[in-house]
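Novice: I need the structure of the sequence given here:
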Amino acid sequence: MSGVPGPRRLWSLREDVHVEADPGTGSVILHSRWGAHPLPRTSPIVREALRRMTFGPISLENVTSDPAERARIIDVLEPVGHLVVRSVAAESDRLLLSVVPLAPEARFGLRDLNDGCLVRMSRFAIQRTSGDEYRLESPLSLHNVILHDPAAVRLVAPLGRPVRPGEVRSSGSSAGD
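Specialist: Next up, the predicted model:
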């Protein structure tokens, strides 16, 4: 780590997920529109993370300072990734964007891109507003992206044409964070 603050990765549960915990057995059941998803023998830290995730985006670093425990939380969330909303906040804690799963098959992962490759948004993607935030949607995607902040809108704007990742980063750097 360079010590320079950067975007923060946050985790939450979809709004329609209900967490049912049994402290006696340590098991948790996540209830969603796609059924019940049992998580047997979860640790108290995992149960606390899930509880907090029902209220909105959280940083796993705020749940535990132990990297091994954070890794265990992520391992528990992997099979129920279709219930997990992933968000990014600026170092100022201003929420920038959220990736919301739309189907039981939805899984989210980040991939490193080298600066030599070209990226662009799908020609089927549309951006619409819901009043105070923008949404990126595509009939081909298993996720919607909610752009909570104008800085995030400016960051995705260049993706209407093929660009290199470094060009997107430099165009977004004038957005303030």
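Novice: in the chain, which residue is closest to the centre?
Specialist: Residue closest to the mean C-alpha point of the chain, counted by CA atoms, centre = their mean, is R86 at 1.0 Å.
Novice: Name the helix or strand for it, please.
Specialist: strand 84-89 (DSSP states H and E).
Novice: Equivalent analysis for I73, please.
Specialist: Per DSSP H and E: helix 67-77 holds I73.
Novice: Quick one: distance of stretch 51-61 to the chain centre.
Specialist: Centre-to-centre, stretch 51-61 and its host chain are 11 Å apart (CA atoms, centre = their mean, to the nearest Å).
Novice: neighbouring contacts of that stretch?
Specialist: 8-13, 17-19, 21, 49, 62-63, 70, 73-74, 84-85, 87, 89, 95, 98 (CB atoms under 8 Å, 6 or more residues apart in numbering). Bear in mind the C-beta positions are built from the backbone N, C-alpha and C, glycine included.
Novice: And for stretch 7-14?
Specialist: By CB under 8 Å, 6+ apart, stretch 7-14 touches 19, 30, 32, 49-50, 53-60, 77, 83-91, 93, 95-96, 98, 100-101.
Novice: run the last query once more with 6 Å
Specialist: 53-54, 56-59, 83, 85, 87-89 (CB atoms under 6 Å, 6 or more residues apart in numbering).
Novice: Kindly reformat those residues as a markdown table containing pLDDT.
Specialist: Below are the contacts of stretch 7-14 laid out as a markdown table (pLDDT from 0 to 100):
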| residue | pLDDT |
| --- | --- |
| M53 | 97 |
| T54 | 96 |
| G56 | 94 |
| P57 | 96 |
| I58 | 96 |
| S59 | 95 |
| L83 | 98 |
| V85 | 97 |
| S87 | 95 |
| V88 | 92 |
| A89 | 92 |
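Novice: Any of these buried? List them.
Specialist: 53, 57-58, 83, 85, 87-89 (16 or more other CB atoms under 10 Å).
Novice: from the residues you listed, which is closest to V153?
Specialist: The nearest member of the buried ones among the contacts of stretch 7-14 to V153, counting by CB to CB, is V88 at 13.5 Å.
Novice: Pretty sure that closest one sits against L97.
Specialist: Yes. Assessed by CB atoms under 6 Å, V88 is found in contact with L97 at 5.4 Å.
Novice: where does this structure dip in pLDDT?
Specialist: 1-6, 169-177 (pLDDT under 70).
Novice: ok, the residue with the largest distance to the centre of it to R41 distance?
Specialist: For the chain, the residue at maximal distance from the C-alpha centroid (CA atoms, centre = their mean) is G24, at 30.8 Å. Using CB to CB, to the nearest Å, G24 is found at 11 Å from R41.
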